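>>> need a 3D model of the following:
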Amino acid sequence: MRRREFIGLLGGAAAWPLAARAQQPAIPVIGFLGTRASGDDPQLLTAFRRGLQEAGYIEGQNVAIEYRFAENRYDRLPALAADLVGRPVSLIVANGPAAQAAKAATATIPIVFTAGFDPVGVGLVASLNRPGGNITGVSILDVELGPKRLELLHEVVPKATVVAVLVNPTDPTRAEIIVKDLWTAAHTLGLQLHALNASTDRDLDTAFANLARLQAGGLVIGGEPFFNSRTEQLGALSIRHAVPAIYQFRTFAAAGGLASYGANLTDAYRQAGLYSGRIIKGEKPGDLPVAQSTKVELIINLKTARTLGLTVPLALLGRADEVIE
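I've put the predicted structure just below:
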């Protein structure tokens, strides 16, 4: 064999694996569109990856994830969603208002959402059983629990005649529903309700300072992603301003809030991971029923109650899933 032919064969053999590798399909890419800041609530991302793993996908091995975070600036969501669509990605995972931005950005790329509001009511899906289109996800009991949180708070502070609700005005659809539902519940209980707005850390300080001026005897914090990422801060503020307050997550009660009543958010993100894996494998999002996270838990911080000079009814303590002492 001539030297030139031999070298040619070697060159071809060396090139073959490269060509073969180039023909191998690229791993699917998930676009993760979040309303929060990148470092907020890392346990939720962990839960999402756990759900993906249960479906057979591990980040960095057989699936990649492109992260886009709005840093709690919801006006950035449309541009971030458009960026993922232009990437393009195989699937978009989005929470709360981010899901609405994702739906507005694409009618073809599959979307998996987590939402603490009625996804049918806001037009995300056609129905819970048959979402249709390119979207499905997990619906978390949250907004619907607002009136129940007010009732629980009223049981602890029955003499209070004025209460407040904290909402995020940059999430107007959810804020409107929360205020409307709580106004109806407050009217039934004979209470006067004030709505306070907050979408930044400075707003939170201002809102809690206004409670004294309003002579509010209690506070219901409306479920919202911005507040979800600040449960410990909200708990500390409620202690600092000596206001009986209730929210949805245990971290709030553990940080000093009087009580929490709500669903398990980490489990919802795990379910979103599972759904993402199923869609990557070929299932159509419109055929996957919206999963409903319906399990709720009541946590009462008895230490905070004593600090505030409150007596929690024994009947309410008996209904609690956990009492922090």
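
>>> right, and the helix or strand after the helix or strand hosting residue 174?
Of the helices and strands defined by DSSP states H and E, residue 174 is found in helix 172-189. Downstream of helix 172-189, the first helix or strand assigned by DSSP H and E is strand 192-197.

>>> contact partners for residue 295?
Going by CB atoms under 8 Å, 6 or more residues apart in numbering, residue 295 touches 263-264, 267. Bear in mind the C-beta positions are built from the backbone N, C-alpha and C, glycine included.

>>> in helices, which of the residues you listed appear?
With DSSP state H as the criterion, helices contain residue 267 from among the contacts of residue 295.

>>> pipe the contacts of residue 295 into CSV and attach distance to residue 195 per row.
Listed next are the contacts of residue 295 as CSV, based on distance: CB to CB, whole Å:
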residue, distance to residue 195
263, 23
264, 27
267, 30
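
>>> keeping just the C-alphas, turn the helix holding residue 174 into PDB.
This file holds the C-alpha atoms of helix 172-189, laid out as PDB (Å, rounded to 0.1, in the frame of the first residue of the first chain):
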ATOM      1  CA  PRO A 172     -53.100  42.200  38.800                       C
ATOM      2  CA  THR A 173     -55.200  39.200  37.800                       C
ATOM      3  CA  ARG A 174     -54.300  37.300  41.000                       C
ATOM      4  CA  ALA A 175     -54.500  40.500  43.200                       C
ATOM      5  CA  GLU A 176     -58.000  41.300  41.900                       C
ATOM      6  CA  ILE A 177     -59.300  37.800  42.600                       C
ATOM      7  CA  ILE A 178     -57.700  37.700  46.100                       C
ATOM      8  CA  VAL A 179     -59.100  41.100  47.200                       C
ATOM      9  CA  LYS A 180     -62.500  40.300  45.800                       C
ATOM     10  CA  ASP A 181     -62.700  36.900  47.500                       C
ATOM     11  CA  LEU A 182     -61.500  38.300  50.800                       C
ATOM     12  CA  TRP A 183     -63.800  41.300  50.700                       C
ATOM     13  CA  THR A 184     -66.800  38.900  50.400                       C
ATOM     14  CA  ALA A 185     -65.500  36.800  53.300                       C
ATOM     15  CA  ALA A 186     -64.700  39.900  55.400                       C
ATOM     16  CA  HIS A 187     -68.200  41.200  54.800                       C
ATOM     17  CA  THR A 188     -69.700  37.900  55.900                       C
ATOM     18  CA  LEU A 189     -67.600  38.000  59.100                       C
END
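
>>> and it with strand 192-197, angle?
Interaxial angle, helix 172-189 versus strand 192-197 (axes from the mean of the first three to the mean of the last three CA atoms, to 10 degrees): 160 degrees.

>>> go through stretch 296-304 and flag the buried ones.
Neighbour counts using 16 or more other CB atoms under 10 Å place 296, 298-302, 304 of stretch 296-304 among the buried residues.

>>> closest one to residue 232 out of the contacts of residue 295, please.
residue 264 (17.6 Å; CB to CB).

>>> tell me who's in contact with the closest one.
Taking CB under 8 Å, 6+ apart, one finds 293, 295, 297 in contact with residue 264.

>>> next one: it from residue 248, what distance?
10 Å (CB to CB, to the nearest Å).

>>> residue 179 now?
16 Å.

>>> pretty sure residue 134 sits against residue 288.
No - taking CB atoms under 8 Å as the definition, residue 134 is not a contact partner of residue 288, at 11.2 Å.

>>> what stretches of the stretch 1-150 of the chain score poorly on pLDDT?
1-25 (pLDDT under 70).

>>> the helices in it, which residues?
Assigned by DSSP state H, counting those that start in this stretch, the helices in the stretch 1-150 of the chain fall at 3-23, 42-54, 77-86, 97-105, 146-156.
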